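S.K.: requesting a structural model of the entry that follows:
(chains A and B)
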Amino acid sequence: MMLQRLAFAAALLLLGLSPVTAHGPTPQKADDRVTIAAPPETVWKLIAAFGSIADWHPLVKQSKATGEAAGAERTITLAKGELVEGLDEVDAGARRLSYRLSKENVEALPVSFYTVTIEVTPAAGGSEVSWGARFYRADTTNEPPENLNDEAAVAAMTDFIRQGLEGLKKAAAK
Amino acid sequence: MIASKSTLCAALAGAMLANASFSATSAGEIVAVVSQQGARLTLVDAATGSVAAEIGLPRVPAGIAGSVDGRTLFVTHPDLGLVSRVDIAERRVTDSFKAGAEPFGIAVIGEGRSLLVSDWSADALIRLDAGTGRETARAAVGRSPAGLVVDERGGRAYVADRESDQVSVVDLATMRRIAAIPTGRAPFALALSPDGRELYVANVRSNDLSVIDTAALSEVSRIRVGLMPYGVAVTSDGSRIAVTNQQSGKVAMLDRAGRRVLAEMKAGDYPEGVVFTADGRLVVAVWAEDRLCIAGRALASVCDYRVAVAPGPRMMVVLDGDRP
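M.R.: Numbering: from 1, shown residues only, chains lettered A, B, ... in the order given. Below is the predicted model:
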C-alpha cells in the first residue's frame, strides 16, 4: 500500500513538473541586439559552434551537442537544471541559426517551449547580433502561479538573451 | 455561403456610408486581424494597404470568425474562457460570454445561428447559440484542438488536434466525431479546398503539410514545406496553397495539382496567419514584426505593402472573402 501510494505521489509530481512538450495557445516574444567590435565571421564562429555555448554564455554552466548541422541536439546546463535543444537550421551564408526547445525544464527556465533565431550581420565598426525568441509560459493553464506566468517567462527569456549577447561581446573581443 | 457574401457586402456598404475611411474599399478586400499582445482588432484594406479601423478587445484575443450577417465578428480569448462579439459598424465589442475552458478556434455555422469553438484544454468541439452564448452541444476530440474549419455543404467540421497528431472529423448534425485522421506532428492550422475535397493541415513540429482526401478520410500526401508551418490558406480557384513557415520567416506557395512547393517569399520574422482576399491578394500576419505583409498575387516575391498593426498579430479573416 505504502509503495503504491508513493508511486502515485511520484507520478503526480512528474505530471506537475514536466508537462512534456504541451503548451498553451498564447506565445510570448523577447528580442534584443548588440553591436560587437569584431568581424561578423568571428562572431558567427562562436554561435555556430552549437555545442560550445557554455564557452561564452554566462548562464550556461555546461553544454554538449551531437553535432553542428540541422538535426543536432544540444544539452545545456543552467544553474537549476538541464534543457535539451534541437538545431533546426544553420545558414552559414546568412550567418543565421535557428533552434528549438526539445525537452523543457521549468525549474531551469520558466518556459514550456521556445524557438530561437540568432543572426549576425555586418555593422559599422564590426557586427550586429540579433537574438529573437518565441515562447510560452511554463504553466499553460489559465491560473498560473506568479513564478510560472507570462511575466516570469518574458523576464527569464529577456535576461537569458541579454546575458548571452553580453557574453558574446566579451568572447569576441578575446 | 453565396448568400452570406451578398449580405456581408450589404453590411459593409452600410459601414462605408457610416464612415468615410471605408470609401476606397472594394468588396472582399477588408481583412480583420487579431493582435494577441495588443488586444486589438484591426481592419485593413488589402487593396490600398491602409488601416480602416481599430477596435479594442478584451485581453489575449486569439481566434476570429465572421458572421454571415456581415455585421459581426467573433473572437476567442483562451486565457479568459471567453468569446467576444464585435459589432463592425459600431466598431466595438458589444458583449463577451463564457465559452468552455480555453476556446481557441472558432467558426460560424447555421446561417449565423450557432458558433463552433475548439476548446484547447477540454479536448472538445463545442457548439454555442450565437445569440445567447449558451452551449448546445459538445463533441469529444483529441488533445489540444487548435485550428477549425467547417464544410457546411458536407455537414462536417475538421479540427486539428495538436497534441494528438491527428485531425478529428465531426458530423455537424449529430455533433459526434466520425473519424480521426493521423497527420504529421503537431497539426495546428487547417484550410479546405473550395470544392471541399481536400483538407490541408500545417504540421508545426514535423515541418510539413498533410493533404487529406475528405471523401476517403485519409492522408494522401505529406509535403515538406519549411520550419514550423503555422498558417495555411487556399486561393479562391483552389489552384494554389500558401503556407507560412514561422521559423523560416517565409511563405511557401504550393501547387494543388503537383503537390509541391513552387516558390517561396520572405515575409518577415515569424509569419503566422495567412489569407487570400477575393481578388487573390496574399495577406500574412508577421507576428514578431507587428505588421501585415500584403502581396499582389499568389506567386509574388515581395510584400507590396507592410502595414503596422498592434503587437502580436496572428489570426485573420477576410470580411467579404471566399472562405471555404
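
S.K.: residue ranges in the stretch 1-150 of chain B under the pLDDT threshold?
M.R.: Judged against pLDDT under 70, the low-scoring parts of the stretch 1-150 of chain B cover residues B:1-28.

S.K.: next: chain A.
M.R.: Scanning chain A for pLDDT under 70 picks out the ranges A:1-25.

S.K.: how about the strands in it?
M.R.: For chain A, strands defined by DSSP state E occupy the ranges A:28-36, A:62-65, A:73-78, A:81-91, A:96-103, A:111-123, A:126-137.

S.K.: hey, what's the residue nearest to residue A:149 when sequence neighbours are not counted bridged with?
M.R.: Excluding the flanking residues, the one nearest residue A:149 by C-beta to C-beta, 6 or more residues apart in numbering or on different chains is residue A:137, at 5.5 Å. Every C-beta, even on glycine, is put in place using the N, C-alpha and C of the backbone. Using DSSP bridges, the bridge partners assigned to residue A:137 are residue A:111.

S.K.: follow-up on the earlier one: mean neighbour count added to the strands of chain A, as JSON lines?
M.R.: As requested, those are arranged in JSON lines below (neighbours: other C-beta atoms under 10 Å in any protein chain shown):
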{"stretch": "strand A:28-36", "mean neighbour count": "18"}
{"stretch": "strand A:62-65", "mean neighbour count": "16"}
{"stretch": "strand A:73-78", "mean neighbour count": "18"}
{"stretch": "strand A:81-91", "mean neighbour count": "17"}
{"stretch": "strand A:96-103", "mean neighbour count": "20"}
{"stretch": "strand A:111-123", "mean neighbour count": "21"}
{"stretch": "strand A:126-137", "mean neighbour count": "22"}
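
S.K.: please report the residue range of the longest helix in chain A.
M.R.: Among the segments of chain A that qualify as a helix by DSSP state H, the longest is helix A:150-173.

S.K.: what's in contact with it?
M.R.: Taking C-beta atoms under 8 Å, 6 or more residues apart in numbering or on different chains as the criterion, the residues outside helix A:150-173 that touch it are A:26, A:28, A:30-34, A:36-38, A:42-43, A:46-47, A:53, A:55-59, A:109-111, A:114, A:127, A:129, A:131, A:133, A:135-138, A:144, A:146.

S.K.: change it to 7 Å
M.R.: The contact list for helix A:150-173, computed with C-beta atoms under 7 Å, 6 or more residues apart in numbering or on different chains, reads A:28, A:30, A:32, A:34, A:36, A:38, A:42-43, A:46, A:55-59, A:109-111, A:129, A:131, A:133, A:135, A:137-138, A:146.

S.K.: isn't the residue nearest to residue A:149 right next to residue A:144, touching?
M.R.: Yes: the criterion here is C-beta atoms under 7 Å, and residue A:137 meets it with residue A:144 at 5.8 Å.

S.K.: quick one, strands of the stretch 151-300 of chain B?
M.R.: Along the stretch 151-300 of chain B, counting by DSSP state E, counting those that start in this stretch, strands occupy B:156-161, B:166-171, B:176-182, B:187-192, B:198-203, B:208-213, B:218-224, B:229-234, B:240-245, B:250-255, B:260-266, B:271-276, B:282-286, B:291-295.

S.K.: among the ones you listed, which is nearest residue B:310?
M.R.: strand B:291-295 (10.0 Å; C-beta to C-beta).

S.K.: touching chain A at all, the closest one?
M.R.: No: contact of strand B:291-295 with chain A is not found when judged by C-beta under 7 Å from any C-beta of the partner chain; the minimum separation is 13.7 Å.

S.K.: what's the neighbour count on residue 144?
M.R.: Looking at chain A here, since you left the chain open. When counting by other C-beta atoms under 10 Å in any protein chain shown, one arrives at 19 neighbours for residue A:144.

S.K.: other chain: chain B
M.R.: Residues within reach of residue B:144, counting by other C-beta under 10 Å, total 25.

S.K.: so residue B:219 is in contact with residue B:212, correct?
M.R.: Yes: the pair residue B:219 / residue B:212 is scored as a contact, 5.4 Å apart, by C-beta under 7 Å.

S.K.: pull up the overlap in contacts between the two.
M.R.: Going by C-beta under 7 Å, 6+ apart, residues that sit against residue B:219 and also against residue B:212 are residue B:181.
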